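In: For reference, the sequence and a predicted model appear below.
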Amino acid sequence: MAAAARGFGGVWCWVWQRGGGWCPAPAPRRQRAVSCNARGGAVLAGKSGLAPWVPVVGLEIHAQISSNSKLFSGSQVQFAAPPNSLVSFFDASLPGTLPVLNRRCVEAAVMTGLALNCSINKKSLFDRKHYFYADLPFPGQTILLMKFPFTEGKLRVDANVSVHHPGEPYGVRTEVKNINSIRFLAKAVDYEIQRQIEELENGGTILNETRAFDSKLGCTVPMRDKEGKQDYRFMPEPNLPPLILYDAKSLPANMNHQQVVNIDWIHERLPDLPSVKRAKLVEQYGILPEHSFTLLNEDGLTEFFENVVKQTQMKPKKVIGWILNDLLSYLKQHSLTVKESPVSPFLLADLLNLLEKKEISSTAAKQVLAELWKGEGKAPLEIVKEKELELIQDQKELEQICQAVIDGQENEVMAIKAGNQKVLNKLIGLVQRETQGRSNPVLVKQLLEKKLSE
Amino acid sequence: AAWKGGLRFQVSAALKEGRVTPTELCQRCLSLIKSTKFLNAYITVAEETALKQAEESEKRYRRGQPLGVLDGIPIAVKDNFNTAGIETTCASNMLKGYVSPYNATVVQKLLDQGAVLLGKTNLDEFAMGSGSTDGVFGPVRNPWSYSRQYKEKSVPKSHSEDKDANWVITGGSSGGSAAAVSSFTCFAALGSDTGGSTRNPAAHCGVVGLKPTYGLISRHGLIPLVNSMDVPGILTRCVDDAAVVLGSLAGHDPKDSTTIQDNFNPFELPNLTDISKFSIGIPKEYHAPGLSSEILALWSKAADLFKNAGAKVNEVSLPHTRYSIVCYHVLCTAEVASNMARFDGLEYGHRSDMNKSTESMYAATRREGFNDVVRGRILSGNYFLLKQNYENYFIKAQKVRRLIANDFVKVFRSGVDILLTPTTLSDAVPYMEFIKEDNRTRSTQDDILTQAANMAGLPAINVPTALSERGLPVGLQFIGRSFQEKQLLTVAKWFEKQIKFPMIQLEEVKRHDHGVFQHQKSASFS
């Protein structure tokens, strides 16, 4: 759908940072150019003595709209359906059939454009492009060059790369196709930048060509240049009138709203966009921005987190650690979704409350959690009792143990009294061992210090 | 809705009253088709299915529940409309034997009204031509060639000459449909009109030929020639019948995005007696080179008729008319080149035995499947669409098209309601003379008076007016405002009433006339 209406769905700019990191820099609204001015973007050192290079990368993102039926025919869409089983009369190019634009696809495309902060073209025209290609649905012509990727991935990216010296005009760009993952995208772009620099530094030139990324070799190779040899004989598609999108201002008063797509109406119904959601989470719970990314990227994790927070006195800043480190890593290890988690928000909250009330140590809590994963339905408190994990609450008992440890570690005591505070940790560790992890280290430290200072 | 009291459909009335049954009607038409086989008007006669449909219709009439005025009425359809289960060939080798799995919307609508589909009519291959002579099933013969009126006027050059050699063409490209209606083998037929393909044969065959406004009737299922100009055309024996058929066909079709969304209300044509409120425009550019003096005189007489009846009659100008044909050639061939690209022998239709490579299979299939006319237009069209030519030809032609359309807008805005023009330059020429010139030359000449209405998307209608000196029909054309078919047909009907065009006197028809056609002055279902 990237080509469907010019100007939405897709040109982003990634700035290459020294050391090989990428940071996203969305292209400013109106800009359709392949590049954007690097904000703090890095410059590559050329061969010693030669001028440095600035790479410019533009990504052409083809995103397949998720819909039940195809763009121009009424046929259903279903991944991996048997060949020729979802072909309508129009798809088979039977004579006399006409394309009909799928309204849901248009609305989805508008939503996508709005979500990506693009400007939506109010008027879109459809062209026909002519060429013979044996496996195309319409032999001899396509409307808007409909390409359906063979991988299930709903996203396809072509990368446009060029290099130039700072202050000089942009260089000739090449287009790199056949990139199937973000990892390969990075590899392909890195390779192409290097290739172009080497070529130019050796006195060569860059051709405006299309290259394919070879994932096995990790390099780009020239594709047969079809564009130059073939004239596609574009002409307006006579069976599809221009697509006019309206907003609240331009919508005529007596127009039947069933017949039109209203951008403002769609905008109102957009769910909170991720960036907004993330900001809200950070503000509301005091978590770090990177935490909010993880929360949103995992289906159902945000709800889980918020449910736990509701049911526990532990601060969200501390809860998040348990969610992201303990819960999430367990789920990943066992390839489970959040929905499939054997530990419910309620159980986790229950556990965290015990920790918060200092009835157990954090080590003990981890042990309890490990038990909870078994999904046997036991409550955290039950497990604590079973395994005798409660923290010793009796101060006198603790004092006795501390005293016993002190008595048994003459050398360490002397070292501490001489000023080596680190050795105190050993004593704390010994108390922990003695109590089988059931002592509160903070309290133990206090008691030891008190005794040692006497 | 069509059963409103005001509409006069004599055959329909006869059916309703049981004076004739649908199966009788159907059988007579089928029999007449057989007797007039020499006309070559039909490519496929769907005898079995037609009789079945007639039987169903009969059951409905017996129950007193006919679907409407068209229930039981035998009709024919040009062979470039898809008909499920019945071969659709476009008179081309490319689609010989092709049986479509679906009905064109207009066909479906007629069937839903209970019409009886007798068969598919002959045409120029893929509707490219103005004679109905260039299809693979051979040329269509104008029924008037065999009429008493023509025979009386034609003097055989020598005794030994085959009296059959003088037969005249129907005009085209919907010649089969026009001949079918003209020879009484059906009561209405569908044609198509891209540059005049319904009105031209209507004029030559002495029948009513209506080209509706572009966007009023669905093109879904009509195998396209020029998507931006094609319309389904209606051929009948009188204007009232055309209005009835129009009423059953017009309206938005979700399967055709170029149909208008507004509701269409079928209308009754008033019996206009007072024409004085109307303003008739006579475009001077339609006095085209080659216009026969006969037709010029007739045109003039018609204008006087309106004037004497009190209408305002004025000369007007459509200055870009003369560019219309060359502009049409560019746009038509460009769209043809594009539309014909789907015929590659892979999914359906003819496939060549050539199998050395995909490309060679495509090339051989298309060479074998298409005639010279089609191939010529594809080549031209591809030429005009090349990057280096697109601006100078295609875009230029679109701009000229806009100028032509604006000519009409200006004239209608100045207060003119209807334009009156000739439909053809002369009466029908004999086949032997017609084929002396090639298809392109003929099309250029013959489309000149009809083509501009397609450029502008306007409704236009041929009304049979009089017989020429040779005893052949001549018609006049009325062009109306966009979507003002009611007004257009009202005026056309008034005119039709004034002139009383004679009925064709065909031996074969007389023989089949068992009272069905008897008491009708104009033999129609009105």
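Out: Okay, I see it.
In: Now the residue nearest the centre of chain B: phi and psi?
Out: The residue at the geometric middle of chain B, judged as the C-alpha nearest the mean C-alpha position with CA atoms, centre = their mean, is B:Thr198 (2.1 Å). According to degrees, to the nearest 10, the main-chain angles of B:Thr198 amount to phi -100, psi -40.
In: now do the one 3 residues further on
Out: When quoted as degrees, to the nearest 10, the phi and psi of B:Pro201 stand at phi -70, psi -30.
In: ok, it - contacts?
Out: With contacts defined as CB atoms under 8 Å, 6 or more residues apart in numbering or on different chains, the neighbours of B:Pro201 are B:132, B:170-175, B:177-179, B:191, B:209, B:235. In this view, the C-beta of every residue, glycine as well, is placed from N, C-alpha and C.
In: Which residue in these has the weakest pLDDT?
Out: Within the set of the contacts of B:Pro201, pLDDT is lowest for B:Gly172 (92).
In: ok, how many other residues are close to the residue nearest to it when sequence neighbours are not counted?
Out: Distance criterion CB to CB, 6 or more residues apart in numbering or on different chains; nearest residue to B:Gly172, sequence neighbours excluded, is B:Ser132 at 3.8 Å. By the criterion of other CB atoms under 10 Å in any protein chain shown, B:Ser132 has 36 neighbours.
In: measure B:Ser132 to chain A for me?
Out: Applying CB to the nearest CB, to the nearest Å, the value for B:Ser132 to chain A is 20 Å.
In: In contact with that residue, which residues are there?
Out: The contact partners of B:Ser132, taken as CB under 8 Å, 6+ apart, are B:122-124, B:139-140, B:169-176, B:201.
In: ok, those vs chain A, which is closest?
Out: Set against chain A, the nearest of those by CB to the nearest CB is B:Leu123 (14.2 Å).
In: is it true that the residue nearest to the centre of chain B touches B:Asp230?
Out: No. Under the contact definition of CB atoms under 8 Å, B:Thr198 does not touch B:Asp230, with a separation of 10.7 Å.
In: which neighbours do the two share?
Out: When contacts are counted by CB under 8 Å, 6+ apart, B:Thr198 and B:Asp230 are jointly contacted by B:Ser192.
In: neighbours around B:Trp167, how many?
Out: Residue crowding around B:Trp167 was assessed by other CB under 10 Å; the count is 23.
In: That one and B:Pro430 touch, don't they?
Out: Yes. Contact criterion CB under 8 Å: B:Trp167 and B:Pro430 qualify, at 6.8 Å.
In: returning to that earlier point: write a ChimeraX command that selects only the buried members of the contacts of B:Ser132.
Out: For the buried members of the contacts of B:Ser132, the matching ChimeraX selection, counting by 16 or more other CB atoms under 10 Å in any protein chain shown, is:
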select /B:122,123,124,139,140,169,170,171,172,173,174,175,176,201
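In: where does B:Arg377 fall, helix, sheet strand or coil?
Out: helix (DSSP: H, G, I helix; E, B strand; the rest coil).
In: lowest-pLDDT helix or strand in chain A?
Out: The helix or strand of chain A with the poorest confidence is strand A:11-17; it has a mean of 34 (mean pLDDT, DSSP states H and E).
In: which residues does B:Gly97 contact?
Out: B:87, B:89.
In: typo on my end, it should be A:Gly375
Out: Residues in contact with A:Gly375, defined by CB under 8 Å, 6+ apart, are A:342-343.
In: The same query, at a cut-off of 10 Å, please.
Out: With contacts defined as CB atoms under 10 Å, 6 or more residues apart in numbering or on different chains, the neighbours of A:Gly375 are A:341-344, A:347.
In: cool, B:Thr421 as well?
Out: Applying CB under 10 Å, 6+ apart, we find B:Thr421 in contact with B:281-283, B:285-288, B:299, B:302, B:318, B:321, B:449-450, B:452-453, B:460, B:476-479.
In: any idea which element it lies in?
Out: Under DSSP states H and E, the secondary-structure element containing B:Thr421 is strand B:418-422.
In: How far away from the center of its chain is the helix or strand hosting A:Leu347?
Out: Mapping A:Leu347 onto the secondary structure by DSSP H and E places it in helix A:345-356. Its chain's C-alpha centre lies 29 Å from the corresponding centre of helix A:345-356 when counted by CA atoms, centre = their mean, to the nearest Å.
In: Quick one: list the elements packing against that helix.
Out: Here helix A:345-356 touches helix A:301-311, helix A:316-321, helix A:362-372, helix A:380-386, going by 3 or more CB pairs under 10 Å, 6 or more residues apart in numbering or on different chains; DSSP states H and E.
In: Which SSE is immediately downstream of the second one?
Out: Going back to what we said before, that points to helix A:316-321. On the C-terminal side of helix A:316-321, the closest following helix or strand by DSSP H and E is helix A:328-333.
In: for that next one, packing partners?
Out: With contacts defined as 3+ CB pairs under 10 Å, 6+ apart, the packing partners of helix A:328-333 are helix A:301-311, helix A:362-372.
In: now the helices and strands packed on helix A:345-356 as TSV including distance to B:Lys436?
Out: As requested, these are arranged in TSV below (distance: least, CB to CB, whole Å):
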stretch	distance to B:Lys436
helix A:301-311	82
helix A:316-321	91
helix A:362-372	97
helix A:380-386	102
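In: With chain B as the reference, name the closest of those.
Out: Minimum separation from chain B across the helices and strands packed on helix A:345-356 (CB to the nearest CB) falls at helix A:301-311, 40.6 Å.
In: which residues touch that closest one?
Out: Taking contacts as CB under 10 Å, 6+ apart, the residues outside helix A:301-311 that touch it are A:277-278, A:281, A:284-285, A:287, A:291-292, A:294-296, A:298, A:314-316, A:319-320, A:322-324, A:327-328, A:331, A:337-339, A:341, A:343-353.
In: quick check: angle from it to helix A:345-356?
Out: For helix A:301-311 against helix A:345-356, the angle between stretch directions is 50 degrees (axes from the mean of the first three to the mean of the last three CA atoms, to 10 degrees).
In: Can you tell me the centre-most residue of chain A?
Out: Central residue of chain A (CA atoms, centre = their mean): A:Asn297, 5.9 Å from the mean position.
In: A:Leu301 and A:Ile323: what is the separation?
Out: From A:Leu301 over to A:Ile323 the distance is 7 Å, taken as CB to CB, to the nearest Å.
In: These two: who's more crowded?
Out: Neighbours were tallied for A:Leu301 and for A:Ile323 using other CB under 10 Å; the higher tally belongs to A:Ile323 (24 against 20).
In: tell me the contacts of the more buried one?
Out: The contact partners of A:Ile323, by CB under 10 Å, 6+ apart, come to A:287, A:291, A:294-295, A:298, A:301-302, A:304-305, A:308-309, A:316, A:338, A:345, A:348.
In: do A:Met414 as well
Out: For A:Met414, the set of contacting residues under the criterion of CB under 10 Å, 6+ apart consists of A:420, A:423.
In: May I see the buried residues of the helix or strand encompassing it?
Out: Element membership of A:Met414 [criterion: DSSP H and E] is helix A:410-418. The neighbour-count check on helix A:410-418 (16+ other CB under 10 Å) flags A:412-413, A:415-416 as buried.
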